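Novice: Sequence and predicted model, in that order:
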Amino acid sequence: MKSILYKSDTIGKANHGWLQTHHYFSFADYYNPERIHFGMLRVLNDDIIAPNNGFGIHPHYNMEIITIPLLGTLWHSDSMGNEGAINHGEIQVMSAGSGVYHSEWNKDIQKPVHLFQIWIYPRSKNITPRYQQINISSLFEQNKLYQIVSPNQHEKGAWIHQNAWIYLGDFNTQSTQTYTLHSHKNGIFVLVIDGKAHIDNISLYKRDALGIWDTKQIEIHIESYTQLLLIEVPMN
């Protein structure tokens with residue numbers, strides 16, 4: 001098993017006033033040649049958008065974009081005609097494909113919006129853009145990892161154009177979670193949203209992450225009151 005550690009105090013950070021952001025991979029003004037991507041996982045940003053602010057209309061191409069609100073309500077609008085609110089307990093998938101314009105805005109005049117945004121390279125370029133937004137509350141399982149994204153339309157959660165899976169976990173007791181990868185060609189990126197976990201004798205605290213590959217299975221030892229984000233992606 002091989003791994004790369006992303007301690008929370010080593011990732012990219014920026015405060016733009018209207019946006020406080022943390023980058024696990026090189027993005028915008030943050031550049032680290034050793035952290036360009038993790039396999040097909042290109043971007044993982046931890047964003048806080050100030051009240052009455054957001055990302056204006058801008059384009060994307062050939063990327064699977066997943067947005068997970070952690071707090072507050074995000075307003076989405078795009079060139080495909082989709083428009084509406086995305087709340088905590090929902091996720092958004094946008095396959096940019098051959099090209100799409102969109103904006104993401106915090107319309108609340110008092111409260112910030114906190115979210116994760118994930119970009120994954122698609123398996124094919126220039127596909128027809130698509131949009132999906134689902135409620136994941138019914139997928140929730142306490143003290144278990146539960147799937148929210150997969151490559152299959154008929155599985156639980158949303159789906160994307162890549163052999164990748166995304167899970168969340170919310171734990172209130174000590175436990176050990178065994179995760180078996182779907183393919184030996186894949187790697188797994190584990191982020192501790194809050195709390196504490198241990199993988200292969202490596203301790204992970206709030207907002208620490210560990211990228212792992214060349215293994216079939218991992219064990220995650222979880223302390224009480226821990227939240228996890230887990231992303232499995234092809235490594236090439």
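Specialist: Okay, I see it.

Novice: residues touching residue 32, list them.
Specialist: 12, 25-26 (Cβ atoms under 8 Å, 6 or more residues apart in numbering). For every residue, glycine as well, the C-beta is placed using N, CA and C.

Novice: And those, which is closest to residue 176?
Specialist: Residue 176 lies nearest to residue 25 out of the contacts of residue 32, by Cβ to Cβ, at 28.6 Å.

Novice: Tally up the residues packed near the closest one, please.
Specialist: Residue 25 has 21 neighbouring residues, counting by other Cβ atoms under 10 Å.

Novice: SS state for it?
Specialist: At residue 25 the chain is in coil, as set by DSSP: H, G, I helix; E, B strand; the rest coil.

Novice: okay, now the domains of the protein?
Specialist: Split into domains by automatic domain parsing, the chain comes to 11-136, 138-234.

Novice: tell me the mean pLDDT for the last one?
Specialist: Here domain 138-234 scores 97 as its mean pLDDT.

Novice: Show the end-to-end separation of that domain, please.
Specialist: Distance between the two ends of domain 138-234: 28 Å, counting by Cα to Cα, to the nearest Å.

Novice: sorry, back to before: okay if I get the contacts of residue 32 as JSON lines plus distance to residue 67?
Specialist: Listed next are the contacts of residue 32 as JSON lines, based on distance: Cβ to Cβ, whole Å:
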{"residue": "12", "distance to residue 67": "19"}
{"residue": "25", "distance to residue 67": "16"}
{"residue": "26", "distance to residue 67": "20"}
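
Novice: Adding pLDDT and distance to residue 128, write those out as CSV.
Specialist: As requested, the contacts of residue 32 are exported to CSV (pLDDT from 0 to 100; distance: Cβ to Cβ, whole Å):
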residue, pLDDT, distance to residue 128
12, 97, 33
25, 98, 27
26, 98, 29
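
Novice: any idea how far the residue nearest the centre of the chain is from residue 206?
Specialist: The residue lying closest to the centre of the chain (Cα atoms, centre = their mean) is residue 118, at 4.0 Å. According to Cβ to Cβ, to the nearest Å, residue 118 stands 19 Å off from residue 206.

Novice: now residue 212
Specialist: Going from residue 212 to residue 206 by Cβ to Cβ gives 19 Å.

Novice: Neighbour count for those two, which is higher?
Specialist: Ranked by neighbour count (other Cβ under 10 Å), residue 212 and residue 206 place residue 212 first, with 22 against 13.

Novice: For residue 199, list the residues it contacts.
Specialist: Contacts of residue 199 (Cβ under 8 Å, 6+ apart): 3, 190, 210, 212, 218-221.

Novice: Most neighbours out of those residues, which is it?
Specialist: Comparing the contacts of residue 199 by number of neighbours (other Cβ under 10 Å), residue 190 comes first, having 27 neighbours.

Novice: residues contacting it?
Specialist: Here residue 190 is in contact with 197, 199, 204, 209-212, 218, 220, 228-230 (Cβ under 8 Å, 6+ apart).

Novice: Can you tell me which of these is closest to residue 101?
Specialist: Nearest to residue 101 among the contacts of residue 190 is residue 229, at 27.5 Å by Cβ to Cβ.

Novice: and for the helix or strand where that closest one lies, what are the contacting residues?
Specialist: Using DSSP states H and E, residue 229 sits in strand 226-234. For strand 226-234, the surrounding residues in contact (Cβ under 8 Å, 6+ apart) are 38-41, 44, 68, 116, 118, 120, 145, 162-171, 179, 181-183, 185-197, 220, 222.
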